[in-house]
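> after the sequence you'll find the predicted model.
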Amino acid sequence: MEATPMTNYSKHQLIRSRILMIEHYQNKIPITLICQIFKISRPTFYKWLKRYEKLGKEGLLDQKRGPKRPSPRKITPQIRDLIIKFRKRTRYGPKRIKLYLARDYGIIVSEHAIYRTLVKQDLIKKYKKRKKKDPRLYSMPYPGDRVQIDTKWLDTYPGRPYRHYQYTAIDDCTRLRIIRIYDNLSIYNSLRFLRLVVCSFPFKIKEVQTDNGIEFSSSPLQRPHPFTKECERLGIKHILNKPGCPEANGKVERSHRTDEEEYYRANNFQSEKERMKKLRKYLYFYNNLRPNMALGGLTPIQKLRSFKEYKNVKELWV
């Protein structure tokens, strides 16, 4: 109740002091002296004088500041709806949505504007500012120099307690991937998947890197594992991560997070058959159409085609 009278009083005092300044001017007091008395600059005095002559006392009130015209890059309701649609359908972040808008619609929107839109719609968590150690980024210089292979367990369905497992292979250089789902982790399935990877990638594989899971390694038993033997037969070097260092297989681990966010959570699968049926389409999209931020916005197949030997390679469908 007290805020309104105080506000009106403040406005009255503000106008009164500026009117007094104008009266001094009308009484032919030098402008330099007026500026000294009221502690303002000459341009400021002339600004208030001009407003007073144009609007009277109302012109002596502070006016709202801001652009007279809306920004040409301001997000319109149509663009906002498009951003929301992209997020709900793909679970993409601001960077990738920005690329899609520019590439497919010719719409240029800043990454921060997209982020603000998603935060307002509760479609993304607000970033927390925290200090992080700069990761050591690396990438193999040539396709096939190293392929990372790992497994990921998948959620079960009601009434079906048996768990399925996803085998994933990703090329370190191009980020091309091959995925298959099997009903168990076994040496047999690991060998099947390895042969599929060798036959499917359009380049020769020199190294395969895996963790120390029993499907890839028998280190506690100190004897050659069938997976290692198969790699040797195919002319491939098998590298094992250090125990307890999953970050060594960081690219395949990060791709599993992408699968979880953009495929498994984004689709309401009712059965394992349905999940496996749509997997090939998702993999085709990932390899040939989806921009990869680690590749500067290129798709994996575009990255592969940047090498002269693979300039005319066809889209990967496995």
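Noted; the coordinates are in hand. Numbers count the residues shown, from 1 in each chain.
> and the next helix or strand past the helix or strand of the chain with the lowest mean pLDDT?
Ranked by mean pLDDT, DSSP states H and E, the weakest helix or strand in the chain is helix 3-26, scoring a mean of 71. Counting by DSSP states H and E, the element after helix 3-26 in chain order, helix or strand, is helix 31-38.
> which strands and helices sit next to that next one?
For helix 31-38, the elements it packs on are helix 3-26, helix 42-55, judged by 3 or more Cβ pairs under 8 Å, 6 or more residues apart in numbering; DSSP states H and E. Using the backbone N, CA and C atoms, a C-beta is placed for each residue, glycine as well.
> pull the CA atoms of that helix into PDB?
Extracted C-alpha coordinates of helix 31-38, given in PDB (Å, rounded to 0.1, in the frame of the first residue of the first chain):
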ATOM      1  CA  ILE A  31      23.700  26.700 -19.400                       C
ATOM      2  CA  THR A  32      27.200  26.000 -18.100                       C
ATOM      3  CA  LEU A  33      26.100  27.100 -14.600                       C
ATOM      4  CA  ILE A  34      22.800  25.100 -14.800                       C
ATOM      5  CA  CYS A  35      24.800  22.000 -15.700                       C
ATOM      6  CA  GLN A  36      27.100  22.500 -12.700                       C
ATOM      7  CA  ILE A  37      24.100  23.000 -10.300                       C
ATOM      8  CA  PHE A  38      22.200  19.900 -11.500                       C
END
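> how is the protein carved up into domains?
Domains of the chain are assigned by automatic domain parsing as 3-60, 77-120, 147-310.
> with distance to Y138 and mean neighbour count as added columns, please give these in CSV.
Conversion of these to CSV gives the following (distance: least, Cβ to Cβ, whole Å; neighbours: other Cβ atoms under 10 Å):
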stretch, distance to Y138, mean neighbour count
domain 3-60, 57, 13
domain 77-120, 21, 16
domain 147-310, 9, 16
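> dump those domains to TSV, plus distance to W317.
Below are the domains of the chain laid out as TSV (distance: least, Cβ to Cβ, whole Å):
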stretch	distance to W317
domain 3-60	68
domain 77-120	21
domain 147-310	5
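> which of these has the lowest average pLDDT?
Confidence, taken as mean pLDDT, is least for domain 3-60 of these (a mean of 79).
> out of the domains of the chain, nearest to P141?
P141 sits nearest to domain 147-310 of all these, at 6.8 Å, using Cβ to Cβ.
> chain center to the closest one: distance?
On the basis of Cα atoms, centre = their mean, to the nearest Å, domain 147-310 is displaced by 22 Å from the centre of the chain it belongs to.
> gap between the two ends of it?
Distance across domain 147-310, first residue to last, is 17 Å (Cα to Cα, to the nearest Å).
> and what of stretch 294-304?
End-to-end for stretch 294-304, by Cα to Cα: 14 Å.
> show residues contacting that stretch.
For stretch 294-304, contacts defined as Cβ atoms under 8 Å, 6 or more residues apart in numbering pick out 99, 139, 143, 171, 173-177, 202-203, 286-292, 306, 310, 313, 315-316.
> recalculate using a threshold of 7 Å.
99, 143, 174-176, 287-292, 310, 313, 315-316 (Cβ atoms under 7 Å, 6 or more residues apart in numbering).
> ok, which of the domains of the chain comes nearest K126?
domain 77-120 (5.5 Å).
> pLDDT score assigned to I75?
82.
> please read the previous query as pertaining to D134.
Per-residue confidence (pLDDT) for D134: 61.
> centroid-nearest residue for the protein?
Geometric centre of the chain, nearest residue: G93, 3.7 Å, by Cα atoms, centre = their mean.
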